[in-house]
Structure formats: C-alpha cells, structure tokens
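Visitor: The following comprises the amino acid sequence and a computationally predicted model.
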Amino acid sequence: MDLAVTTSVDGVFAPKLDRTTTESLREQIRRHLAGLIESRKLPPGAPLPPVRALAAVLGVNPMTVAKAYRELAVAGLVEGRGRSGTRVRTARSSPASSHRGLLRDRHARVSTSERLFELARAPNVIALTGNYPRPEDSGAPEFQACMAELVSGALATNYFRYDPPAGRRELQESVSGFVASSGIVCPPGRVIITAGGQQAIDLVLRSVGQRGGGVVVERPAYFGMLNAVRSAALRAYEVPVGPAGMDLDILESVLEQQRPRLICVNPTFHNPTGTTMPLENRRRLLSLARQHGALILEDDHCPELRFDGEQVPALAALEGAADLVFYARGFGKAFVPGVRLGFLLVPVSHLRPLLATKAAADLQSTALMQGALARFFARGHHRTATDRLLAAYAPRREQLLRALADCLPQAMRVHESAGGLSLWLTMDRAAPTSELYYCAASHGVAFASGEAFYARPPAELALRISFGLTPPKQMAEAAERLGNSLRDLLERGIAPPLPV
C-alpha cells in the first residue's frame, strides 16, 4: 500500500498515516522515508525533519519517529550528524582499491560494527552477535568471589597504587604458568598485561609496523585486527583463508614480492571462518617467516573452546617460535566476559620497544582486576570455567546447526568449526551491506555482516553468526528469522548470483 502525501516538513513530504491497518505507524513512517531515499527524492546528504517537528505534523509520539529514524540508520540509509540532525547517508568510496592499498576509510568500517551493536540492542531482536559467553556459563561467579575476597581483605590497599606498564608480577606469573600448560614456554618477564586482546594486537602493530609499511592479514580477518591496521596507518596485504587456514603458497609469493615485516594470523578457530590451521601448515608458516625475515602476530582468542577433534599446538608453542612470534590473548572469550584484561607474550629482542609503546598507551592496566584474575588462575578456576563452557555450548552449537539446516536457503553454506562460539555463512551472491541490515531489522535478527571482515569488499555474500549470548530456547526462532531475511534478499532480487 502506498502512503498518500499530505504536507511537507522542512521540504520533506510527510506520509498520510493509515491507522486502520495492522502495519505499525513506525513502520509506515520508515517505509515512506526509505522510499523517498531509494527514489532519490531525498538525495544523499539531504536533511530529515527534526523528530519533534515530524511527530507534531503526523500526530504521533516523538519516540515513534525516533525509532523509525533509528531503523533507517541501522539499514545504512541515514546517519546522525550531531547538531546538524539526521541526514541521508552519503556514498563512501571503497576503503582499499587493492590488497596493497592503505586502509583509509577507517570510520566507514567502524560504523559497521557500531550498527551491529545498535541492532543487537533493538527491541524484539534476537542477537546472533555475541562471540563471548553468558556470565552464568563462564567463570564469572568464581571471579566475582575472588574480587570480593580481594577488596575486603587486609591487603586490599596494595592494589590502590600504580604498577609497571608490563603488569603486576602475580598475574604475569599466573599467565606464565597458564600458557606452560599448553606447551608455551615463556618466563614472567616476557609477559605484558594488556587491556584485552585488542590492545595486545594494537601494541604489536604500532611497535613493529612502520607507518606506511606493509603487514600480511588474512582474507577475511577479525575486524578488530583490520581496525588496528588502519589506525597504525599500515598497508594490508590480504592472503585468502581456506579450509586449512591461510593460503601459504600465496603468502610465500607476498613475502617474496612485498617483504612485509609482520604476518597477522588467527590459526585456531579463525575469526570469522572458524578454520583451524593443521600442524604441518603451522610449521611451514614459521619456516616461511624465518626465511623472509618476517615476524608473526598470533591472535589466539579461545583455543579451550574445542568441541571436536584434537588440540593443535599454538604457533608460539612450536620449536623455533620464541624469537618470531608475538602471542596475543584476551581473557573474555573463554573465561570472564567483560573483564577487559589480556596478555601479550613478547620475543626478548622486542620487549623494550613494546613496553615503551604500552607506557604511551596507558601506564598500567587496572590493578584490582589483575589481582582478582591472578587469584582466579592460582585456584584453578579457569579449568572449572572451561568445563562449564564446553558442557553448556556443545549442545547449543548442535541445536543451532540443526536449526540452520532446516531454515536456511539452499544457496547458503554453513562453514562448521571445531570450536568457538561463531559460525561463518557464505553464499555466491552479491548484496549491499545496507540491505543485509534492512532485512535483519525487518525480520528481528542481528548478525555480523561479512563485509566488516575484509580489507576490500568481498564478492560473495557472507555473514558471521555468534551464539554465545543466545538462549537455547531462542535458537530455532533465530535460525528461522535468519532464513527468512536471506530469502527476502533472494526473492526481491537484491542478491543476484555472481557471474561465472
């Protein structure tokens, strides 16, 4: 049903609302404005009326208009500009013309993750976006007890002071013992405590990378890694990820031709594809790095969350890795979500410049949290948390996989992973990111658009779904909504097949 036009507000024609239909007033307003934008009657950069002015003309609550504007923003059609109000989003150029280019459009990509979190918090939306566990399924109860004990104890005042940038010795020792259990030999003096795994990644890129120089990244790659590469003004050389992880033949060619200083890799339960690099490939990767004078940044976010198969040693655990590999981890993905602490294992020759970079970023990570986390590890709570997580999420993963098999279009492929809390979905189709978000909003489901994980936009349609925060009772409904949103794309012809 087309909406008749009554009057205009600041030059924008307002719809005549139909209060007899089952379609909500908010949806009528959103649909009308979306039509004006798509038909170019509202061109890029054009302002939308102030929320209260449009609400007054239409005779509706301002919140109704505000929610319609929010959905347009989630769909990528409009954007807020502070005091300038809401305007139609302007076209942005591709962030990189080739894998050799600087990733210039930092803000455009960051906005993708911002829209992801905004949509995940919208009313009546099932969010398949939580790549970390629910507090009750993690080690949060034990950590809470450690924190309460610490702050109420006689030694609490020891934590109300500044510590060295590398971190408190007690947590450095705990981390050293923790990684030793997985075969990584690293004395406490080579451990730097960070504000999560993201800061660990950022510190390496800023310390090792040379502004304008090149680093190897995976294609696709964790969007936090790509954001850090952009922020450090580095060139990204993308190397495709296949069933066995990073394509080492292409990597070898890039190393020979471009001579990058650093290889950034997530070899276990790769984010977002879920692949795990086999042991023989890991050994070859180390050999290639040494042969071509490159260092390796290993992002290892949740190796404990393995549901199938045997553990594969980290790159940092292999012979000859100690002087080549920076090993970055956060504690939130596998143990205590929201704790915002992590660590970085640093080769001895790079320890001093890394500490200088850490001191420039922040003088110390929070002392109280470090003290509580040291107790958490000293008492073995991380092992209890791992057992609890595996027991909780193994059946949920199977439940979600079964539901996806029933609900997704046949053209959509689910790339299963042996571990982790996410799944990667791809289709040989092309669709604008804004349309993905529009369909997600209209069907009440949120996911991470695949475009956020590429330095250059992908040809195929891809998305990551994460089930860490999804209650078991919502798994089937989430899969059904996801399938409906993807069918909507296909039926409307917005996702045409890629040319052969």
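Guide: Arrived safely.
Visitor: Tell me where the model's unsure across this structure.
Guide: 1-13, 74-76, 81-84, 91-122, 433-434, 499-500 (pLDDT under 70).
Visitor: Name the single longest helix found in it.
Guide: Of all the segments of type helix in the chain, defined by DSSP state H, the longest one is helix 381-407.
Visitor: Could you list the buried residues of it?
Guide: 381-382, 385-386, 388-389, 392-393, 396-397, 399-400, 403-404, 407 (16 or more other Cβ atoms under 10 Å). C-beta here means a position set from N, CA and C on the backbone, and glycine is covered the same way.
Visitor: Now do it: distance to the chain's middle.
Guide: Chain-centre distance of helix 381-407: 20 Å, with Cα atoms, centre = their mean, to the nearest Å.
Visitor: packing partners for that helix?
Guide: If contacts are counted by 3 or more Cβ pairs under 8 Å, 6 or more residues apart in numbering; DSSP states H and E, helix 381-407 sits against helix 140-152, strand 413-415, strand 422-427, strand 461-467, helix 475-491.
Visitor: switch the cut-off to 10 Å
Guide: helix 140-152, helix 367-378, strand 413-415, strand 422-427, strand 461-467, helix 475-491 (3 or more Cβ pairs under 10 Å, 6 or more residues apart in numbering; DSSP states H and E).
Visitor: Can you tell me which of the ones you listed is packed in deepest?
Guide: strand 461-467 (a mean of 25; mean count of other Cβ atoms under 10 Å).
Visitor: what angle do it and helix 475-491 make?
Guide: Strand 461-467 and helix 475-491 meet at an angle of 170 degrees, taking axes from the mean of the first three to the mean of the last three Cα atoms, to 10 degrees as the criterion.
Visitor: which neighbours does strand 461-467 have in its sheet, and in what orientation?
Guide: Sheet pairing of strand 461-467 (DSSP bridges) gives strand 129-130 (parallel), strand 422-427 (antiparallel), strand 448-449 (antiparallel).
Visitor: what's the offset of that strand from the middle of its chain?
Guide: 10 Å.
Visitor: got the CA positions of it in CSV?
Guide: Presented in CSV, the C-alpha positions along strand 461-467 are these (Å, rounded to 0.1, in the frame of the first residue of the first chain):
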residue,chain,number,x,y,z
LEU,A,461,27.6,-12.5,0.4
ALA,A,462,29.0,-13.5,3.9
LEU,A,463,28.0,-13.2,7.5
ARG,A,464,29.1,-14.3,10.9
ILE,A,465,26.6,-15.6,13.4
SER,A,466,27.6,-16.0,17.1
PHE,A,467,25.6,-17.9,19.7
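Visitor: Can you pull up the most central residue in the chain?
Guide: For the chain, the residue nearest the mean C-alpha position is residue 223 (5.4 Å; Cα atoms, centre = their mean).
Visitor: correct me, but that one touches residue 201?
Guide: No - Residue 223 is beyond contact range of residue 201, at 11.5 Å (criterion: Cβ atoms under 10 Å).
Visitor: residue ranges of the strands in the stretch 251-400 of the chain, please?
Guide: 262-265, 295-299, 325-330, 342-345 (DSSP state E, counting those that start in this stretch).
Visitor: what's the offset of the last one from the middle of its chain?
Guide: Its chain's average C-alpha position is 19 Å from that of strand 342-345, according to Cα atoms, centre = their mean.
Visitor: helices or strands next to that strand in the packing?
Guide: Identification of packing neighbours for strand 342-345 by 3+ Cβ pairs under 10 Å, 6+ apart yields helix 169-180, strand 191-194, helix 196-208, strand 325-330.
Visitor: closest to residue 445 out of the helices and strands packed on helix 381-407?
Guide: helix 475-491 (3.9 Å; Cβ to Cβ).
Visitor: Any idea how many residues pack against residue 194?
Guide: 27 (other Cβ atoms under 10 Å).
Visitor: ok, it - contacts?
Guide: Contact analysis of residue 194 by Cβ atoms under 10 Å, 6 or more residues apart in numbering lists 165-167, 200-203, 328-330, 340-344, 358, 361-362, 365.
Visitor: Recalculate using a threshold of 8 Å.
Guide: Each residue near residue 194 by Cβ atoms under 8 Å, 6 or more residues apart in numbering is listed here: 200, 203, 328, 341, 342, 343, 344, 358, 365.
Visitor: The third one is in contact with residue 197, isn't it?
Guide: Yes - applying Cβ atoms under 8 Å as the test, residue 328 and residue 197 come out as touching, 5.4 Å apart.
Visitor: Among these two, which residue is more densely surrounded?
Guide: The neighbour count for residue 328 versus residue 197, taken as other Cβ under 10 Å, is higher for residue 328 (30 against 25).
Visitor: ok, for that one, nearest residue in space, not its chain neighbours?
Guide: The shortest distance from residue 328 to any non-neighbouring residue, by Cβ to Cβ, 6 or more residues apart in numbering, is to residue 200 (3.7 Å).
Visitor: any idea how far the one you found is from residue 239?
Guide: 21 Å (Cβ to Cβ, to the nearest Å).
Visitor: before we move on, the earlier item: would you convert the strands of the stretch 251-400 of the chain into a markdown table that also reports distance to residue 246?
Guide: What follows is these, written out as a markdown table (distance: least, Cβ to Cβ, whole Å):
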| stretch | distance to residue 246 |
| --- | --- |
| strand 262-265 | 6 |
| strand 295-299 | 11 |
| strand 325-330 | 14 |
| strand 342-345 | 20 |
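Visitor: So which of these is nearest residue 446?
Guide: So among the strands of the stretch 251-400 of the chain, strand 325-330 is nearest, using Cβ to Cβ, at 22.3 Å.
Visitor: ok now that closest one, how far from the chain's centre?
Guide: On Cα atoms, centre = their mean, the centre of strand 325-330 falls 17 Å from the chain's centre.
Visitor: Remind me what it packs against, helices and strands.
Guide: helix 196-208, strand 295-299, strand 342-345.
Visitor: strand partners of that strand, parallel vs antiparallel please.
Guide: strand 295-299 (parallel), strand 342-345 (antiparallel).
Visitor: picking up where we left off before, name the nearest residue to the residue nearest to the centre of the chain, sequence neighbours excluded.
Guide: In space, and not counting its chain neighbours, residue 223 is closest to residue 452: 4.4 Å by Cβ to Cβ, 6+ apart.
Visitor: Then that neighbour would be within a helix, right?
Guide: Yes - counting by DSSP: H, G, I helix; E, B strand; the rest coil, residue 452 falls inside a helix.
Visitor: one step back: I'd like the helices and strands packed on strand 342-345 laid out as JSON lines, including distance to residue 79.
Guide: Formatted as JSON lines, those follow (distance: least, Cβ to Cβ, whole Å):
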{"stretch": "helix 169-180", "distance to residue 79": "41"}
{"stretch": "strand 191-194", "distance to residue 79": "32"}
{"stretch": "helix 196-208", "distance to residue 79": "25"}
{"stretch": "strand 325-330", "distance to residue 79": "30"}
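Visitor: and of these, who's closest to residue 456?
Guide: helix 196-208 (18.9 Å).
Visitor: roughly how far out does the closest one sit from the chain middle?
Guide: In terms of Cα atoms, centre = their mean, the centre of helix 196-208 is found 16 Å from the chain centre.
Visitor: now do stretch 222-242
Guide: 13 Å.
Visitor: same deal with stretch 478-485?
Guide: Using Cα atoms, centre = their mean, the offset of stretch 478-485 from its chain centre is 21 Å.
Visitor: CA atoms of it as CSV?
Guide: C-alpha atoms of stretch 478-485 as CSV (Å, rounded to 0.1, in the frame of the first residue of the first chain):
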residue,chain,number,x,y,z
ALA,A,478,16.8,-17.1,15.5
ALA,A,479,17.5,-19.6,12.7
GLU,A,480,14.0,-19.1,11.2
ARG,A,481,14.3,-15.3,11.2
LEU,A,482,17.8,-15.5,9.7
GLY,A,483,16.5,-17.8,6.9
ASN,A,484,13.5,-15.5,6.3
SER,A,485,15.7,-12.5,6.0
